[in-house]
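Peer 1: 3D model of this:
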Amino acid sequence: MTKEEREIFEYAQKKIVEMIERWEENRWSKAEIIDMLTAHKRDAIFRYPEPERTIWVELYEKNIALRDGSFDQIYIGQNEALPSQQTEKPKPEPVQRETENSIKLEKLKSIWLTDPRLSVEDFIQKGNDKGFWNDNFQLTLQRSSSTYGTGKTFLGNIFIAFKDWSIPNHLDYTEGGRIFCEVFNIKIKESTKEPYKAFSSANRKQIAEIKRTFGIR
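Peer 2: Prediction:
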């Protein structure tokens, strides 16, 4: 490993450990942590050039393996012993809801630019203030409203409007559509041929309204 690769490795390892410690402090379950590490791994594949890509991806994979039982020891550079069993205490409902919302924010961050014009937190808050969704990320736009579109059409308009502004332009619309639908509780039928088609094209007038509302220039 070169000096540059060693520095990248140490930095990536430090950041991943900090994330995991923060999630554990918030009482995330093992399954929730694995889901989020998997989302970050997918993001690393698109976000980083080599050799960063390989280093980040391998570290995510090893931390995932640690938690799904594939590893017998913690891979964070110290090889601490993994407790054989941990009993997870049920979370009180307000804490559970807060955790679920935190997971959704992290999912959005996995498809957001590193240095966005509008952060995920500000995006969610602004949409909430405008009445687009509630505190549980349920869309609240009325079907009769065609100013922004509704359901998947509305989310697809946001996805396209935010490209090159807060979302990478190269991000595949199926990946973006999947994340947006998961975050905003849109159920997708497995039998649907192109479930994320709404994220590949959009209504110009509706996009213009979304850009105006979120201040996209």
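Peer 1: give the contact list for Arg47.
Peer 2: Residues in contact with Arg47 (Cβ atoms under 8 Å, 6 or more residues apart in numbering) are Arg53, Thr114, Pro168. All C-beta atoms are positioned from the backbone trio N, CA, C, and that covers glycine.
Peer 1: what's near enough to touch the first one?
Peer 2: Each residue near Arg53 by Cβ under 8 Å, 6+ apart is listed here: Ala44, Ile45, Arg47.
Peer 1: mind checking the SS state of Pro49?
Peer 2: coil (DSSP: H, G, I helix; E, B strand; the rest coil).
Peer 1: one step back: a markdown table please, covering the contacts of Arg53 and showing distance to Phe199.
Peer 2: Below are the contacts of Arg53 laid out as a markdown table (distance: Cβ to Cβ, whole Å):
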| residue | distance to Phe199 |
| --- | --- |
| Ala44 | 22 |
| Ile45 | 19 |
| Arg47 | 19 |
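Peer 1: show me where pLDDT drops low in the chain?
Peer 2: 69-98, 142-146, 190 (pLDDT under 70).
Peer 1: count of neighbours near Gln138?
Peer 2: A total of 10 residues lie near Gln138 under the criterion other Cβ atoms under 10 Å.
Peer 1: can you give me the helices for this protein?
Peer 2: 3-25, 30-47, 52-67, 93-109, 120-129, 151-161, 173-183, 204-214 (DSSP state H).
Peer 1: per the record, what domains does this structure have?
Peer 2: The chain breaks down into these domains under automatic domain parsing: 3-67, 111-214.
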